[in-house]
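In: Just a sequence and a predicted model for now, questions to come.
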Amino acid sequence: MRGNFAKITKILSAGVVAAGLLASASAKAAEDTIKVGILHSLSGTMAISETTLKDVMLMLIDEQNAKGGLLGKKLEAVVVDPASNWPLFAEKARELISKDKVAAVFGCWTSVSRKSVLPVFSELDNILFYPVQYEGEESERNVFYTGAAPNQQAIPAVDYLMSADGGSVKRWVLEGTDYVYPRTTNKILEAYLKSKGVPAEDIMVNYTPFGFSDWQTEVSAIKKFGSAGKKTAVVSTVNGDANVPFYKELGNQGVKAEDIPVMAFSVGEEELAGLDTGPLVGHLAAWNYFESVDTPENKKFIDNWHKFIKNDKRTTNDPMEAHYIGFNMWVKAVEKAGTTDPDKVIDAMVGVSVPNLTGGYSTMMPNHHITKPVLIGEIQADGQFETVSQTPGLVMGDEWSDYLPDSKDLISDWRAPLSCGNFNVATGKCGGKGTN
Amino acid sequence: MLLLRAIGLMLLLTMAGLMPSKGAEADLRATVAKFAAATGFSATEAVVRELTASGDPAVERPLSALADGNLYIRKSDSQVFVGKESGDGIELLDPLSGEKTADAAKTDLTKIKVNNGLRHVIRDALGTLTLRAKDARVRLAAAATMFKTPDAANIEPLDAAIAAEAEPGVKTLFEQARAASVLVSDKPEADKLAAISIIAARGDRDGLSLLTSVDANAQGAVKDAATAAIGNINSKLALWDAGQNIWYGVSLGSVLLLAAIGLAITFGVMGVINMAHGEMVMLGAYTTFVVQQVIRTSFPGLFDWSLVIALPLAFLVAALVGLAIERGIIRFLYGRPLETLLATWGVSLVLQQAVRTIFGPTNQEVGNPSWMSGSFDIGQLAITWNRLWILVFALLVFAVLLYVMKRTAWGLQMRAVTANRRMAASMGIRTPWVDALTFALGSGIAGIAGVALSQIDNVSPNLGRGYIIDSFMVVVFGGVGNLWGTLVGAFSLGIVNKFLEPYAGAVLGKIVMLVLIILFIQKRPRGLFALKGRAVEA
């Protein structure tokens, strides 16, 4: 019997090896192409969010090829699966750069996966486009951050809640999943709220584990905190999967958006797709893009997406727009530099300006962050967001938060004379927090 | 630009006010039509306020449509309609009479935007307008909103409503709403003191919230009375809080029980370390999703029955997959726990990726039937229906399983094979088939647990991951091989967890729990209810 099983394993492993050979053979088939690496998890916990980004990259590359490619060559996508395993991200990144010789990589979602690939990118000198909103406190020469920094999402969101339109909120619950992004964002928000005169007893911070599903105690604590006679709001950095049970519990316990609105930074159209949004109407989210934005560019993007994915129910979301912007910026910078050599492209990137999907232009700034509008949306019964507020102009990503004592003196400028990601304006030296 | 628009609008509004009236309805119609010209929330709010100022109950229709996001402007002629979705297009209804006037495509209409602030204003306005409604529930809702948004202007209509009210329940609420409004008015102190005692009698969080703000702003006797009342409510609420923690614990326990009970069979009774147990739960949840999908497209009337229909199907699907796993893999590995662990772990990855490939990596929407949505109150305790039903269901599953194990011939065979395989075989029991069926039973139970868990958790390929650790914890803690142990284990873990959480937070609470269990296992390696006898040594 044991023999049987061993035989089965042998056959299986032979199959795997054969499949691997086939894959590498096809990769070698076309030599005269520009390769673009896609480093998104297609299995494991993060597949829920990252698979979509892989698909949108494939679509963008297809579209570019239909337009005639880049520098007279076709683009070729090299897709790898880091399987939601952070060390594997670094390995796969190395494989993409050294073995497949890609010209640039689009990838990562969680901050920990980004941190794990940073040394690989600076060692092998390649380019990473990172499309997700993150906690800031970082600026690397080899990374372009196309998602929002805290000042492009968290701060305007809190400003909106404090305004008369947002309900003049006086009491704050900062609810987050327990990892680096919520912790840093909440630290910034706490400092910001205090600088606006909110007393410490009007701020409640609470963290829950990844994938948390029993929200009864937390929701009743929020209700309790909200019954102190002052307008209360929840600012949620709850991540991914844990959101669905959180909102279900809010709905079931009757927490209405008119009484205690929840402003979320990690809930997009994709997360709402798994929910009955009826009881959630009016809860808020802050992003730089909503699927419901009514511009011709966005309409075209959504149409192309539905055609590409062959399912007109699939939603679009903010990180997808970030990749759209990032990819177009890269294409433009390569055309400007006349080569795909990462060194030259990195220098050509700063100042590149491309249309975003919300009817304006996004520009790559010297700190490798981009300019974006900030939109506040309310959840609608159809699972979409309705924009209720928009910053009047574009907001420039601020990598080193002005509200944290460690980073308020730091700036980043990757242009020639300075070329530093953490320049301390107080001491006049390059270096400080973030050197490691 | 905005300012100009606002000024223009105000001019328009004053002009409208000066115009001679041509009957109430025509006036209302003119006001409703102003929504078309209103740009921005403040302008829309001005129109809402003008409508409510008319005091005409007819404005309820356009206002509630606006609050629900169903008020539209036709692009071609800037007319305002109440929209009702029908198929791909939208049926246009007259905003005042509600009669159907036309059909339109979505692209021909602009929806009037509302935000939370505006919804709040509309809700308040509707509260005043519906105080005299025929339906007692509507009057109750009106009183509840007016309680939450006290305003000195509310006192008069409330006085009238109290005088006319026949139903005692509604009347009490009216009086409380009136008391709330008195507190923010400039009535004499004696009135306010009476109001405080009325609100203190309510003894809930909303009352507390109101009194806290009174306490912060008042002076003298009113402040003293408010402080006393707050202390009083707080001490009452502390008791309810303890009750609430117990309920939350019981509810978490029922979820743990459901997740673990299948494992109590495969791991507890058979001794198979089944890492793919969570995936059986996931398969059950996906079966629910598929059933709901079919019902939505073909038999929408049956939606409230979807879970009942999904139960046997989920059991079958999970049991069949379990049977295949047992026959295909596990039966070769009996007595080799390490290899079983690795093999079932592999199976769990294969199942997850298979589901991801078939259904996609995103969450699937599983709806709650109406009887599982919302909550009801017992005193100050809010009990959500879905949690209550899950508790009932978990206990039911437990009872049925216990009956099968203790009272049926099959259960007897199962226990015989576990206790002494060779002896059972000598007695003529086909042990391989008992193994296969036991494993299928455990898997099937996990499948029906998935149906219940789809109501409170994500239906995604990762669903099972979240439950596997907890399930093992419950089974090991309760005592391997003992169903009662699993029951007691699940509920005690749930309750301890929920008592720790408010003080330690969810993250630390979980850590403390794990440490406690480790210490407990050190002391009693076989769990709460250890099996005794020769079988244990085998």
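Out: On my side now, so go ahead.
In: What's the local residue count around the closest residue to chain A within the stretch 351-500 of chain B?
Out: In the stretch 351-500 of chain B, no residue comes nearer to chain A than B:Asn363, which is 2.6 Å away by C-beta to the nearest C-beta. Every residue, glycine included, has its C-beta placed from N, CA and C. By other C-beta atoms under 10 Å in any protein chain shown, the residues close to B:Asn363 number 26.
In: Help me confirm that it comes into contact with A:Ile48.
Out: Yes. At 6.8 Å, B:Asn363 counts as touching A:Ile48 under the criterion of C-beta atoms under 8 Å.
In: Show me whatever sits in contact with both of the two.
Out: Shared contacts of B:Asn363 and A:Ile48, defined by C-beta atoms under 8 Å, 6 or more residues apart in numbering or on different chains, comprise A:241, B:460.
In: what does the stretch 151-300 of chain B have sitting close to chain A?
Out: Residues of the stretch 151-300 of chain B lying near chain A by C-beta under 8 Å from any C-beta of the partner chain: B:205-206, B:208-216, B:244-245, B:248, B:251-252, B:255.
In: From those residues, keep the buried residues only.
Out: Buried subset of those (neighbour count, 16 or more other C-beta atoms under 10 Å in any protein chain shown): B:205-206, B:208-215, B:244-245, B:248, B:251-252, B:255.
In: Nearest to B:Gly328, out of the residues you listed: which one, please.
Out: B:Val255 (30.2 Å; C-beta to C-beta).
In: who's in contact with that closest one?
Out: Contacts of B:Val255 by C-beta under 8 Å, 6+ apart are A:214, B:390, B:394, B:453, B:456, B:494.
In: could I get stretch A:310-321 in CSV with only the CA atoms?
Out: Extracted in CSV, the C-alpha atoms of stretch A:310-321 (Å, rounded to 0.1, in the frame of the first residue of the first chain):
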residue,chain,number,x,y,z
LYS,A,310,-15.0,38.4,-19.5
ASN,A,311,-17.2,39.2,-16.6
ASP,A,312,-19.1,42.5,-16.4
LYS,A,313,-19.8,42.1,-12.7
ARG,A,314,-16.2,42.5,-11.7
THR,A,315,-15.5,45.7,-9.9
THR,A,316,-12.5,48.1,-10.3
ASN,A,317,-10.7,49.6,-7.3
ASP,A,318,-8.1,52.1,-6.2
PRO,A,319,-5.0,49.9,-6.4
MET,A,320,-6.0,49.0,-9.9
GLU,A,321,-6.0,52.7,-10.8
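In: Need the contact partners of that stretch.
Out: Contacts for stretch A:310-321 (C-beta under 8 Å, 6+ apart): A:49, A:52-53, A:56, A:109, A:131-133, A:147-148, A:268-270, A:272-273, A:287-291, A:301-302, A:305-306, A:356-358, A:383.
In: Restricting to those, which residues neighbour chain B?
Out: By C-beta under 8 Å from any C-beta, the members of the contacts of stretch A:310-321 lying near chain B are A:52, A:270, A:273.
In: Would you mind checking these for buried ones?
Out: For these, buried by 16+ other C-beta under 10 Å: A:52, A:270, A:273.
In: Throw those into TSV and include distance to B:Asp108, thanks.
Out: Below are those laid out as TSV (distance: C-beta to C-beta, whole Å):
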residue	distance to B:Asp108
A:Thr52	32
A:Glu270	29
A:Ala273	27
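In: and the least confident of those residues?
Out: Note: of these, the lowest pLDDT belongs to A:Ala273, at 79.
In: What parts of the stretch 51-200 of chain A come near chain B?
Out: Residues of the stretch 51-200 of chain A lying near chain B (C-beta under 8 Å from any C-beta): A:51-52, A:164-167, A:178.
In: Identify, from the residues you listed, the entry nearest to B:Val114.
Out: The nearest one, if we look at these relative to B:Val114 and count by C-beta to C-beta, is A:Asp165, at 11.7 Å.
In: So what's the residue count around that closest one?
Out: 18.
In: isn't there a helix covering it?
Out: No. Assigned with DSSP: H, G, I helix; E, B strand; the rest coil, A:Asp165 falls outside any helix and is coil.
In: quick one, phi psi at it?
Out: phi -60, psi -40 (degrees, to the nearest 10).
In: Report the rounded mean pLDDT for the lengthiest helix in chain B.
Out: When chain B is parsed with DSSP state H, its longest helix is helix B:220-263. Mean pLDDT, computed over helix B:220-263, is 89.
In: what's the answer for stretch A:80-88, then?
Out: 93.
In: gap between the two ends of that stretch?
Out: Terminal residues of stretch A:80-88 lie 10 Å apart, using C-alpha to C-alpha, to the nearest Å.
In: Is chain A within reach of the one helix or strand B:Val82 maps to?
Out: With elements taken from DSSP states H and E, the one containing B:Val82 is strand B:80-86. No. Contact between strand B:80-86 and chain A is absent, the nearest approach being 9.6 Å (criterion: C-beta under 8 Å from any C-beta).
In: May I have the secondary structure class of the residue in the stretch 301-436 of chain A that chain B sits nearest to?
Out: Relative to chain B, the nearest point of the stretch 301-436 of chain A is A:Val388 (4.5 Å; C-beta to the nearest C-beta). What three-state DSSP gives for A:Val388 is strand.
In: Next, the contact list for the residue in chain A that chain B sits nearest to, please.
Out: Nearest to chain B in chain A, going by C-beta to the nearest C-beta, is A:Gly274, at a distance of 2.6 Å. Neighbouring residues of A:Gly274 by C-beta under 8 Å, 6+ apart: A:244, B:362-365, B:458-460.
In: Check B:Gly262 too.
Out: So B:Gly262 contacts B:277, B:280-281, B:442-447, B:449 (C-beta under 8 Å, 6+ apart).
In: Equivalent analysis for B:Ala200, please.
Out: B:207, B:211, B:229, B:232-233.
In: Just the buried subset of those residues, please.
Out: By neighbour count, with 16+ other C-beta under 10 Å, those hold B:207, B:211, B:229, B:233 as buried.
In: Need these in CSV (columns: distance to A:Arg415).
Out: Shown next, in CSV, are the buried ones among the contacts of B:Ala200 (distance: C-beta to C-beta, whole Å):
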residue, distance to A:Arg415
B:Gly207, 61
B:Leu211, 60
B:Ala229, 65
B:Ile233, 62
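In: and which of these is nearest to chain A?
Out: Nearest member of the buried ones among the contacts of B:Ala200 to chain A, counting by C-beta to the nearest C-beta, is B:Leu211, at 7.7 Å.
In: which intervals of the chain have sub-threshold pLDDT?
Out: Reading this off chain A. Applying pLDDT under 70 to chain A picks out residues A:1-31, A:432-436.
In: Oops, wrong one, chain B.
Out: B:1-23, B:531-538.
In: Quick check: beta-bridge partners of A:Leu39?
Out: On DSSP bridges, the residues paired with A:Leu39 through beta bridges are A:Val80, A:Gly107.
In: measure it to A:Asp100 for me?
Out: 11 Å (C-beta to C-beta, to the nearest Å).
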